[in-house]
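this is the structure alone, sequence omitted:
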């Protein structure tokens, strides 16, 4: 167990903020980035299906193309790393079987032993949801990954900015996502804040606890 | 800065799993629970709107009512704590003004100085989204809170199980959420695993990194 103390967790969650100005000269180290990718990979999802793809955009030319599709927010080009969290739009029996085969291999359980579980997943994801509801559901899952990523980055002392202000259709086109069976859901930019970013010292605004929590 | 090392983060993310059997005799300490509530409160959201309510269900009678609405999954009654993450369904100019007034108070900025920001938020959240799209959007935000909560709990060495397998309409009815302007989105149960939970020692199943990441 490598658990941490509550005050350490809260210190880092208070330290983080939606970074507006990244220092373009500071890069996340390969070791730290590998840890963040592994944290993303470990994100829990409904049924464990992991209905997502994480697109790490490192090519400066592609970043430059994404900029105008992102209201010209400079995080897109200045941040050390940019990840597009994309949700699976093709999720049928074939994809569920690929997942179950992977589970069977990892667990050393025969594929056939997962028949009941397969029935449950197919019944829900394929038969009970229409395509729009299925897309909404897989998109929800990508936001778990986003929440995990933001908290993981904060814990490592790495700045981040979650971004919804971008043109999803343009992103899908630039990144060729549609033909791969995915749709961009949300973006995270990561790196290190500029000292001059005035938002870094702005007070954190949240509703008071009594407005957000209800005890029953 | 109280940042932690990558191996500490990954050790805790590997330690966690979707707990099936909670030890009903072990309770999360008030100090740890207060930290998890504060972590939830600090969750980032689009525009900072925090379009959510966190319902902490402590009354055993209510937990017993929720059980049959949750496919009788015993986490509902056995876990130390149960939180229903609910998304705001009433989100119009009134609610946006309440948020901006809270921001103005916290920042010491006059409300009028936020006029442009107000225009941006109202233009997006009120005018560009129909009610169904708005609900999908606020629900997405609750999944950021879920991801943050699960990672925060893992860091503190507290077990959790995220749950989507419940009847949302029944939950809304039991908890009286509709008349409050919220809809249940997802559930988290938290506490400590039973030693006998066979899933606690099962290998963690994830797709290999090369299947989940795309570098562009």
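Everything's here; your move. Keep in mind it's a predicted model, so treat the numbers as computed, not measured.

in chain A, which residue is closest to the centre?
By Cα atoms, centre = their mean, chain A has its centre lying nearest to residue A:146, at 3.3 Å.

name the residues of the helix or strand hosting that one that come out as buried.
Applying DSSP states H and E as the criterion places residue A:146 in helix A:131-155. The neighbour-count check on helix A:131-155 (16 or more other Cβ atoms under 10 Å in any protein chain shown) flags A:134-155 as buried. Yep, even glycine has a C-beta here, placed from its N, CA and C like the rest.

continuing past that helix, what's the next helix or strand?
With DSSP H and E, the next secondary element past helix A:131-155 is strand A:159-163.

what residues does that next one touch?
A:16-20, A:22, A:70, A:73, A:75-76, A:79, A:146, A:149-150, A:153-154, A:186-193, B:44, B:144 (Cβ atoms under 8 Å, 6 or more residues apart in numbering or on different chains).

what about 7 Å?
A:16, A:18-19, A:22, A:70, A:73, A:75, A:146, A:150, A:153, A:186-193, B:44 (Cβ atoms under 7 Å, 6 or more residues apart in numbering or on different chains).

got the angle for it vs helix A:131-155?
160 degrees (axes from the mean of the first three to the mean of the last three Cα atoms, to 10 degrees).

distance from the next helix or strand after strand A:159-163 to the middle of the chain?
Sequence-wise, the next helix or strand downstream of strand A:159-163 (DSSP H and E) is helix A:168-175. The chain centroid and the centroid of helix A:168-175 are separated by 17 Å under Cα atoms, centre = their mean, to the nearest Å.

and helix A:168-175, is it in reach of chain B?
Yes - Helix A:168-175 lies within reach of chain B by Cβ under 7 Å from any Cβ of the partner chain, at residue A:175.

just give the strands next to whichever helix or strand comes after that helix in its sheet, each with its orientation.
Downstream of helix A:168-175, the first helix or strand assigned by DSSP H and E is strand A:182-191. Strand A:182-191 has the following strand partners under DSSP bridges: strand A:81-88 (antiparallel), strand A:159-163 (antiparallel).

what's the closest of those strands to residue B:39?
strand A:159-163 (15.9 Å; Cβ to Cβ).

which of the buried residues of helix A:131-155 come close to chain B?
Within these, those near chain B by Cβ under 7 Å from any Cβ are A:136, A:139-140, A:143-148, A:150-152, A:155.

show me which of those is closest to chain B.
Relative to chain B, the closest of those is residue A:147; by Cβ to the nearest Cβ it sits at 2.3 Å.

for the stretch of helix or strand residue A:119 belongs to, what is the average pLDDT?
When elements are defined using DSSP H and E, residue A:119 is found to belong to helix A:115-121. Mean pLDDT, helix A:115-121: 95.

give me the angle between the lowest-mean-pLDDT helix or strand in chain A and strand A:81-88.
Lowest mean confidence among the helices and strands of chain A (mean pLDDT, DSSP states H and E): helix A:93-107, at a mean of 92. Relative orientation of helix A:93-107 versus strand A:81-88 (the same axes, to 10 degrees): 120 degrees.

hmm, helix A:93-107 in reach of chain B?
Yes - contact of helix A:93-107 with chain B (Cβ under 7 Å from any Cβ) involves A:102, A:103, A:106, A:107.

contact partners of that helix?
A:49, A:88, A:110-111, A:114, A:118, A:121-122, A:125-126, B:202-203, B:205, B:207.

equivalent analysis for stretch A:9-26, please.
A:75, A:78-80, A:154-155, A:159-162, A:189, A:191-194, A:196-197, A:199-200, A:204, B:1-3, B:35, B:38-39, B:42, B:44, B:152, B:155-156.

first-to-last residue distance for that stretch?
24 Å (Cα to Cα, to the nearest Å).

buried residues, it. List them.
Quick answer for stretch A:9-26 (16+ other Cβ under 10 Å): A:9-13, A:15-23.

could the strands paired with strand A:182-191 go into CSV alongside mean pLDDT and distance to residue B:178?
Formatted as CSV, those follow (pLDDT from 0 to 100; distance: least, Cβ to Cβ, whole Å):
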stretch, mean pLDDT, distance to residue B:178
strand A:81-88, 98, 28
strand A:159-163, 98, 29
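
can you add mean neighbour count and give the ones you listed back as TSV?
Formatted as TSV, those follow (neighbours: other Cβ atoms under 10 Å in any protein chain shown):
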stretch	mean neighbour count
strand A:81-88	24
strand A:159-163	24
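
contacting residues for the residue nearest to residue A:81 when sequence neighbours are not counted?
Spatially, and ignoring its direct neighbours in sequence, residue A:81 is nearest to residue A:190 (4.6 Å; Cβ to Cβ, 6 or more residues apart in numbering or on different chains). By Cβ under 7 Å, 6+ apart, the contact list for residue A:190 reads A:28, A:79, A:80, A:81, A:153, A:158, A:159, A:160.

pLDDT (mean, whole number) over stretch A:34-49?
Across stretch A:34-49, pLDDT averages out at 97.

where does chain A have low pLDDT?
Applying pLDDT under 70 to chain A flags residues A:1.

make it 90
The model of chain A has pLDDT under 90 over residues A:1-2, A:106-109, A:202-203.

isn't residue A:67 right next to residue A:77, touching?
Yes - with contact defined as Cβ atoms under 7 Å, residue A:67 reaches residue A:77; the gap is 5.6 Å.

need the overlap of contacts for the two.
With Cβ under 7 Å, 6+ apart, residue A:67 and residue A:77 have no common neighbours.

report the contact partners of residue A:178.
Contacts of residue A:178 (Cβ under 7 Å, 6+ apart): residue A:172.

try it again at 10 Å.
A:89, A:169, A:172, A:184 (Cβ atoms under 10 Å, 6 or more residues apart in numbering or on different chains).

farthest pair in those?
A:89 and A:169 (12.9 Å).

higher neighbour count, the two?
residue A:89 (18 against 12; other Cβ atoms under 10 Å in any protein chain shown).

excluding its backbone neighbours, what's nearest that one?
In space, residue A:89 is closest to residue A:183, 5.1 Å off (Cβ to Cβ, 6+ apart).

would you agree the one you found is in contact with residue A:134?
No - taking Cβ atoms under 10 Å as the definition, residue A:183 is not a contact partner of residue A:134, at 11.3 Å.

overlap in contacts of these two?
In contact with both residue A:183 and residue A:134: A:87, A:88, A:89, using Cβ under 10 Å, 6+ apart.

for the second one, give its distance to residue A:103.
Plainly put, residue A:88 is 16 Å away from residue A:103 if you go by Cβ to Cβ, to the nearest Å.

quick one on the thing from earlier: what pairs with the residue nearest to residue A:89 across the strands?
residue A:87.

OK, contacts around it?
A:53, A:86-89, A:135, A:138-139, A:142, A:168-169, A:171-172, A:177.
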